[in-house]
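Student: Just the structure for this:
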Amino acid sequence: MSKLLQRLSDPKRAGVYRASGMQAIRDATQGSELDVVQIDAHEKPIERIARALEFPHWFGGNWDALEDSLGDLSWRKGTGHVLVFTAYPPREQLGMLIDVLRSSAEDWAGRGKPFFAVMINPERNLALPDLYRET
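Tutor: Just a heads-up that it's a prediction; the model follows:
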């Protein structure tokens, strides 16, 4: 098992991170039981996340409902969840999104299940920790 897969499988390390690209995540999780979902949330982030994660029809479509639904995900298969954001909303909405994702990661970690949100950020300008050390 690669170091990256070990990290993504560890609920104690759940959280919101950045990475410069998706390939290492794809390579590490290929064949694993993690639920890995790629999300482009540049515009209408709540809608795009709901669509990518196939939220139930009763989803409320606001930030509170997003947090509630991310805390459930019972309709998704996998030993843990890895949400890879290839694009994300502008600053104000990005801050709200990161807050919701952090809260969800803490909740899942408390239940002993990995939950990672990874922002693909080749510029490395987001104030987030790196998911892994890149060479």
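Student: mind showing which ranges of the protein have poor pLDDT?
Tutor: 1, 135 (pLDDT under 70).
Student: Can you tell me the centre-most residue of it?
Tutor: Ala117 (2.3 Å; Cα atoms, centre = their mean).
Student: how about the residue nearest to that one when sequence neighbours are not counted, phi and psi?
Tutor: Nearest residue to Ala117, sequence neighbours excluded (Cβ to Cβ, 6 or more residues apart in numbering): Leu101, at 4.0 Å. The way it works is simple: take the backbone N, C-alpha and C, and place the C-beta from them, glycine included. In terms of degrees, to the nearest 10, the main-chain angles of Leu101 are phi -70, psi -40.
Student: Against Gln38, how distant is Leu101?
Tutor: Separation of Leu101 from Gln38 (Cβ to Cβ, to the nearest Å) stands at 15 Å.
Student: Those two: which has the busier surroundings?
Tutor: Leu101 (24 against 15; other Cβ atoms under 10 Å).
Student: Pretty sure that one sits against Leu70.
Tutor: Yes - at 7.4 Å, Leu101 counts as touching Leu70 under the criterion of Cβ atoms under 8 Å.
Student: neighbouring contacts of the helix or strand where Ala24 lies?
Tutor: If you go by DSSP states H and E, Ala24 is part of helix 23-29. Outside helix 23-29, the residues within contact range by Cβ atoms under 8 Å, 6 or more residues apart in numbering are 2, 4-5, 8, 19, 36, 82, 84, 118, 131-132, 134.
Student: Could you rerun that using 6 Å?
Tutor: The contact list for helix 23-29 (Cβ atoms under 6 Å, 6 or more residues apart in numbering) reads 2, 4-5, 36, 84.
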